[in-house]
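[1] sharing a model that was predicted from the sequence below.
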Protein chains: 2
Amino acid sequence: MDLRQLSFRLLEVFMHVVQFGSVSETARRLHLTQPTVSLQLKRLQEAVGEALFFHQQQRLIPTEAGLELFRTCQQVLEQFNDFEQYLHEIKGGERGMCRIAMVNTAQYILPKLMGPFSVAHPHVEMKVEIGNREQVIARFERAEDDLYVFSHPPSLEHALAGRFLQNPLVLVVPCDHVLAKQNSVSLSDIAERRILLRERGSATRMLFDSALQSRGLVLSDSMQMASNEAIRVGVSAGMGIAVLSRHVIPSEDRTLKVLPIDDFGLVSHWYFVVRTDRHIAHAAKHFLRFAETNLDKYLEKTWIRNELAALNSALNNKVKHN
Amino acid sequence: MDLRQLSFRLLEVFMHVVQFGSVSETARRLHLTQPTVSLQLKRLQEAVGEALFFHQQQRLIPTEAGLELFRTCQQVLEQFNDFEQYLHEIKGGERGMCRIAMVNTAQYILPKLMGPFSVAHPHVEMKVEIGNREQVIARFERAEDDLYVFSHPPSLEHALAGRFLQNPLVLVVPCDHVLAKQNSVSLSDIAERRILLRERGSATRMLFDSALQSRGLVLSDSMQMASNEAIRVGVSAGMGIAVLSRHVIPSEDRTLKVLPIDDFGLVSHWYFVVRTDRHIAHAAKHFLRFAETNLDKYLEKTWIRNELAALNSALNNKVKHN
DNA sequence: GAAACCCATAGATAATAATCTATATAACAT
DNA sequence: ATGTTATATAGATTATTATCTATGGGTTTC
């Protein structure tokens, strides 16, 4: 038996003939002519190499082989129905995988969105990669994920970005620090003190460095640590003071005081970034739509800058579909 | 998703691409060119309406949907393999149904062949119809069965017949009957006695009647009964004597004596009859081949007239195949 | 940065399939 | 017997598919 030439159309016609017990009736129902159906049947029988029907008083009765083929077709059709169902869920974003890569600092924010999303869409698998800026950019270059979260997104040649949250940098000092008595500070207050910094290349550091530079300030004493957590704990322990993203500081932490920096000038934001030269999982698009409509439910309203509508609508057009 | 245009060939190509992770490799293996495979994939993706692959370092990785389609294809292929297996068994006569219609008298003979056949081929379903000659001929006319067993086959315009066994008619008398003392009898011995007969139209009766007629004999006293069993028991009970097929009398029956009829003249035979204008189940052909080679194992050698070889070889050529 | 390899696409062609109309043929109903 | 209905087949046309060669644009490797 040679399956290669068989098309589903052929099987469909065959199944109708079995059900109606008649070539002519099948032809009428499928809006074909009788010879067409006859010929299709013939082709099928040739492919199978066996008689599939015999005549009995005006009716076509399937032979053993015909009946078995019919059962086979039914099952095959069911398989494809299942697949179609699955497809449908994937397309609706109800199922599938959404891979997000984000820089360290974002891990304080994204879970607040991802948690509720996961609860609402339990069949969507979320896969999160967290790294420093350099690592995440490398993933972005290789297009390893569906979604990226950056402040300071990289070159957007093949990508779209959508801002969704302010990333305010604040001064963090121990609660018993001299500066803790002030309501706000200026950059020059900071520059002369011992300060704990993230590594070069991190968005926080980049922003801080350029703020200092624009004012001609130079740090007197600094210490580099690769993690926001380590810095926060360090500040608590009196190792120094730090400039961090506001989102990194848990509001319950009474050992720290958070101060806005008057003259910081630069404001940074968090962005969702999506490559346009690559297929994006429907689940990821679905997550972005979810984010767009639910930002204010799950994140602090003060910082929200919801510009995801533009991103989402752009995605519906621009993204590659092969 | 529209399945109609999909052919199995397309799915086959798709599966190879999933397995090799490469269009080019698939092309090489299937002896196609790379663009051909590329195009097939494209068509499939269009039919499905979803991306099935994405690129990752020179390789094609199936998307969620692609993977699911792959699984679907696997299962479908398996379905068809099962079907092919089934087909194979049907064609080999190892599976399927074999419908045999036979006249009453034949039921004393056929089971001796059908029993061993069923044991050897347990997946073949045997369906037996038994009736008087008239009924079986009606079935034959309507081509309701694969195989018919007659002595005196009907018109063979659209049929083939193969003789396999003598059907000797004998005289049956109670063991205490006057004739029981003789070693054989003549027709004239019989005609003057009370005699139990099968109905007109039965082969036994037809044969007996014509034997009498050719000698100008007339029965003095007769009684018609529709079953061999009834006649046999009647003879036992002293209702009269009877002419029956030798095969009908169980050899263990000590209440009866069986006598050959010297001058009977006509010899009748059992025939397998097969219509040639109709598809015949492979199982039926298989049964006939079995009969041809095993007749002498299961039937009394004395009466065997095995002419089935001719029937079988004729069947392999003449029978309709659509 | 050149070579090697991958995939996508365009353009062309030959093969196949789908479909029709017309007609023959067989079975059935009356 | 005759008209009706059903299937099969022939012949023709159109649409689709399968397939090729040639080419262009990416990546990876060296």
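    It's in. What you are looking at is a predicted structure, and each value in this text was computed from that prediction instead of being measured.

[2] all contacts plus neighbour counts: C-alpha atoms, from now on.
    Noted.

[3] which residues in the stretch 151-300 of chain A form strands?
    Along the stretch 151-300 of chain A, counting by DSSP state E, counting those that start in this stretch, strands occupy A:159-167, A:169-174, A:194-197, A:221-224, A:241-245, A:256-260, A:268-275.

[4] got those strands as JSON lines, with mean pLDDT and mean neighbour count columns?
    Putting those into JSON lines (pLDDT from 0 to 100; neighbours: other Cα atoms under 10 Å in any protein chain shown) gives the following:
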{"stretch": "strand A:159-167", "mean pLDDT": "93", "mean neighbour count": "22"}
{"stretch": "strand A:169-174", "mean pLDDT": "92", "mean neighbour count": "24"}
{"stretch": "strand A:194-197", "mean pLDDT": "92", "mean neighbour count": "21"}
{"stretch": "strand A:221-224", "mean pLDDT": "87", "mean neighbour count": "14"}
{"stretch": "strand A:241-245", "mean pLDDT": "92", "mean neighbour count": "25"}
{"stretch": "strand A:256-260", "mean pLDDT": "91", "mean neighbour count": "21"}
{"stretch": "strand A:268-275", "mean pLDDT": "92", "mean neighbour count": "23"}
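
[5] and the closest residue to DNA strand D within the stretch 51-200 of chain A, how far is that from chain B?
    Minimum separation of the stretch 51-200 of chain A from DNA strand D (Cα to the nearest atom of the strand) falls at A:Q58, amounting to 5.1 Å. Using Cα to the nearest Cα, to the nearest Å, we find A:Q58 at a distance of 12 Å from chain B.

[6] quick revisit: just put the strands of the stretch 151-300 of chain A in JSON lines and tack on distance to B:D296.
    Compiled in JSON lines, the strands of the stretch 151-300 of chain A are given as follows (distance: least, Cα to Cα, whole Å):
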{"stretch": "strand A:159-167", "distance to B:D296": "85"}
{"stretch": "strand A:169-174", "distance to B:D296": "103"}
{"stretch": "strand A:194-197", "distance to B:D296": "102"}
{"stretch": "strand A:221-224", "distance to B:D296": "101"}
{"stretch": "strand A:241-245", "distance to B:D296": "99"}
{"stretch": "strand A:256-260", "distance to B:D296": "105"}
{"stretch": "strand A:268-275", "distance to B:D296": "81"}
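
[7] OK, contacts around A:V173?
    A:V173 makes contact with A:L179, A:A180, A:V235, A:S236, A:G240, A:I241, A:A242, A:L256, A:K257, A:V258, A:L259 under the criterion Cα atoms under 8 Å, 6 or more residues apart in numbering or on different chains.

[8] dump the residue contacts of the nearest residue to A:F53 once chain neighbours are set aside.
    Distances taken as Cα to Cα, 6 or more residues apart in numbering or on different chains place A:P62 nearest to A:F53, at 4.2 Å, with adjacent residues excluded. Residues touching A:P62, when contacts are defined by Cα under 8 Å, 6+ apart, comprise A:V18, A:L52, A:F53, A:F54.

[9] inside helices: which ones of these?
    Helix and strand membership here follows DSSP state H; of the contacts of A:P62, those in helices are A:V18.

[10] just put the contacts of A:P62 in CSV and tack on pLDDT.
    CSV is the format used below for the contacts of A:P62 (pLDDT from 0 to 100):
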residue, pLDDT
A:V18, 91
A:L52, 91
A:F53, 91
A:F54, 87
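
[11] re earlier: between the contacts of A:V173, which is closest to DNA strand D?
    After measuring these against DNA strand D - Cα to the nearest atom of the strand - the closest member comes out as A:A242, at 38.9 Å.

[12] average pLDDT across stretch A:123-136?
    If you average the pLDDT over stretch A:123-136, you get 89.

[13] not counting sequence-adjacent ones, nearest residue to A:L147?
    Among residues not flanking A:L147 along the chain, A:I100 sits closest, at 4.7 Å (Cα to Cα, 6+ apart).

[14] tell me the helix or strand right after the host helix or strand of the one you found.
    For A:I100, the host element (DSSP states H and E) is strand A:96-103. Elements were assigned by DSSP H and E; along the chain past strand A:96-103, the next helix or strand is helix A:110-120.

[15] now that following helix: buried residues?
    Residues A:L110, A:L113, A:M114, A:F117 are the ones in helix A:110-120 that count as buried (16 or more other Cα atoms under 10 Å in any protein chain shown).

[16] confidence score at the first one?
    Predicted confidence (pLDDT) for A:L110: 95.

[17] repeat that for the second one.
    A:L113 is assigned a predicted lDDT (pLDDT) of 94.

[18] and the host helix or strand of A:E89, what's its mean pLDDT?
    Here A:E89, judged by DSSP H and E, is contained in helix A:64-91. Confidence over helix A:64-91, taken as the mean pLDDT, stands at 89.

[19] and A:L60, helix, strand or coil?
    Of the three states, A:L60 takes strand under DSSP: H, G, I helix; E, B strand; the rest coil.

[20] hey, what's it bridged with?
    For A:L60, the beta-bridge partners under DSSP bridges are A:H55.

[21] what do you get for A:I241?
    Beta-bridge pairing of A:I241, defined through DSSP bridges, involves A:I195.

[22] OK, contacts around it?
    With contact set as Cα under 8 Å, 6+ apart, A:I241 has these partners: A:L171, A:V172, A:V173, A:P174, A:R193, A:R194, A:I195, A:L196, A:V235.

[23] relative to A:I195, how far out is it?
    Per Cα to Cα, to the nearest Å, A:I241 is found 5 Å from A:I195.

[24] what sits against the nearest residue to A:D296 once chain neighbours are set aside?
    In this structure, A:D296 finds its nearest non-sequential neighbour in A:I304, 7.1 Å apart by Cα to Cα, 6+ apart. For A:I304, the contact set (Cα under 8 Å, 6+ apart) comprises A:F164, A:L165, A:Q166, A:L295, A:D296.

[25] before we move on, what about A:P153?
    Applying Cα under 8 Å, 6+ apart, we find A:P153 in contact with A:A161, A:Y271, A:V273.

[26] bridged to the first one, which residues?
    A:A161 forms beta bridges with A:V273, as assigned by DSSP bridges.

[27] how far away is it from A:P111?
    Note on A:A161: its distance to A:P111, by Cα to Cα, is 19 Å.

[28] returning to what we had before: these two touch, right, the residue nearest to A:L147 and A:K127?
    Yes - distance between A:I100 and A:K127: 6.2 Å, which falls inside the contact criterion (Cα atoms under 8 Å).

[29] compare the two (neighbour count), which wins?
    Applying other Cα atoms under 10 Å in any protein chain shown to A:I100 and A:K127 shows that A:I100 carries more neighbours, namely 22 against 12.

[30] which strand residues bridge that one?
    A:V128, A:L147.

[31] residue contacts, it?
    Counting by Cα under 8 Å, 6+ apart, A:I100 makes contact with A:M126, A:K127, A:V128, A:E129, A:D145, A:D146, A:L147, A:Y148, A:V149.
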